[in-house]
Structures are given as structure tokens and as C-alpha cells.
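[1] From the sequence below, what's the structure:
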Amino acid sequence: MEKQKLPNSTLVLVMGILSIIGCCCYGVPGIIFGAIALIVGNNSMKVYNEAPENYSDAGNIKAGRIMGIIGLILSVLLIIYMVWAFNKLGLTWEELQDQELLQERMEELLEQYK
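    Numbers count the residues shown, from 1 in each chain. As a prediction, this is how the structure comes out:
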């Protein structure tokens, strides 16, 4: 009997890669893609574990899940760092949304450290 490809093996691999790339975009896409990679990867591994002799491409699932975990961790760390940095600088959400207020606040911070 010829071995079949695991369902969604390519999807899990692509989502794992996108989760690592997505952590550079303020962390949110990395969390989304990483969660998708883990959920779909776990479902595909259940299918594989029921009959491993029928399927190939288990390596793609494992690699995608590992990259999804790495992307999730990096994204969460980036978000925690951003929250800490904004809190340390004393920036508010309104200042981050308004370019003029943000520029004034940054100039004030630069004057403090001169």
C-alpha cells in the first residue's frame, strides 16, 4: 500500500514559518499563526499516531509545531517587552495614537536625559 501525505502537513509547516515571521509585526500575527500551527498540528499528529504506517510527512508536522511554539514564545516575549517599555517610558495609548502628542512626549523624555 502506498503511503499518503498527512492532511494539512504543508499548512502546519507554513503556519509555523509565518508565526516566526509574524512575531516581528508587534507579536499579534505570530500568536495567531502559532496557535493555528499548534492546533492543526496536534490534530494531524493524532491522525498519524492512529496508523503511522499509512502516512508520510510526519516530519513536516513536527517541524511546523516546533516553529509554531518558537513563534508563540517570541511573540509573547515581544508583547511583554513592549508593554514594559511603554510603561517604563510613561507613554499612554492616546500618545501612541496621536503623532503630535507622541513627538512632544519623546522630546520631553529627551530633555530629561540631557
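
[2] need the contact list for Phe33.
    Contacts for Phe33 were tallied using Cβ atoms under 8 Å, 6 or more residues apart in numbering; they are Met15, Gly16, Leu18, Ser19, Gly22, Gly68, Gly71. Any C-beta I mention is one placed from the backbone N, CA and C, and that applies to glycine too.

[3] for the protein, what spans make up the helices?
    9-22, 28-50, 58-89, 93-97, 99-112 (DSSP state H).

[4] Packed most tightly, which of those would that be?
    Counting by mean count of other Cβ atoms under 10 Å, helix 9-22 has the highest mean neighbour count of these, with a mean of 21.

[5] Where does the prediction get shaky in this structure?
    By pLDDT under 70, the weakly predicted segments of the chain are 1.

[6] Tell me which residue is most central in it.
    Nearest to the mean C-alpha position of the chain, counting by Cα atoms, centre = their mean, stands Gly30 at 1.9 Å.

[7] Might you report the residue contacts of that one?
    Per Cβ under 8 Å, 6+ apart, neighbours of Gly30: Ser19, Ile20, Ile21, Gly22, Cys23, Cys24, Gly71, Leu72, Leu74, Ser75, Leu78.

[8] The same query, at a cut-off of 6 Å, please.
    Ser19, Gly22, Cys23, Gly71, Ser75 (Cβ atoms under 6 Å, 6 or more residues apart in numbering).

[9] same check, this time on Gly27
    Gly27 touches Ser75, Leu78, Ile79, counting by Cβ under 6 Å, 6+ apart.

[10] Distance-wise, check the last one relative to Gly64.
    What it means is Ile79. Ile79 is 22 Å from Gly64, where distance means Cβ to Cβ, to the nearest Å.

[11] try the first one
    Computed as Cβ to Cβ, the Ser75 to Gly64 distance reads 16 Å.

[12] where's Gln97 relative to Arg105, distance?
    Taken as Cβ to Cβ, the span from Gln97 to Arg105 is 12 Å.

[13] Since that was my last question, I'll sign off now.
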